[in-house]
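>>> sequence and predicted structure are below.
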Amino acid sequence: QVQLVESGGGLVQAGDSLRLSCVASGRTLRLHTMAWFRQVAGKEREFVAAITWSGGLTYYADSVKGRFTISKNNAKNTSYLMMSGLKLEDTAVYYCGLETDFRNMWYGSVSTYDYWGQGTQVTVSS
């Protein structure tokens, strides 16, 4: 069984920075793409950023380009989301998703990912 554990969320002020981490574990762990999504109560989960595990290709939602950076540490099976210049509208629960095998699906779709973490709350105040 694969587990994803997010950490690093919290309460910050607008303009501050925050780094989220997502650690993947499991006996037969395969990693193709790891992604970050976020969700506000009553709304659909939305794509934030993704990174391919072997090539390190990165993808971002337009709303976070230039402010957020996704990275990875292969040895630690960990993905990071560095968030800078945080805005009030970045407030959400942030989820880490894992695609274990390449299926030629759009990285920005929730259905692409096989496993999800429990989420970590990010709250940006004015």
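Now that the structure is in, tell me what you want to look at. Because the structure is predicted, anything quoted here is derived from the model rather than measured.
>>> what comes into contact with stretch 57-64?
46-52, 68, 70, 83, 89-90, 107-108 (CB atoms under 8 Å, 6 or more residues apart in numbering). The C-beta positions use only the backbone N, C-alpha and C, and glycine is treated the same way.
>>> stretch 118-126 now?
5-14, 16, 18, 20, 38-39, 83, 86-95.
>>> list only buried entries from those residues.
When the contacts of stretch 118-126 are checked for burial by 16 or more other CB atoms under 10 Å, the buried set is 6, 8-9, 12, 18, 20, 38, 83, 86, 90-95.
>>> so which of the residues you listed sit within strands?
Among the buried ones among the contacts of stretch 118-126, the residues falling in strands (DSSP state E) are 6, 12, 18, 20, 38, 83, 92-95.
>>> max pairwise distance over these: which two?
The largest separation in those, counting by CB to CB, is between Val12 and Tyr95 at 18.4 Å.
>>> can you read off the pLDDT for Val93?
Here, the pLDDT recorded for Val93 equals 98.
>>> also Val40?
On the pLDDT scale, Val40 gets 98.
>>> so for it, what's the nearest residue that isn't a sequence neighbour?
Of all residues not flanking Val40 in the chain, Ala92 sits nearest, at 4.9 Å (CB to CB, 6 or more residues apart in numbering).
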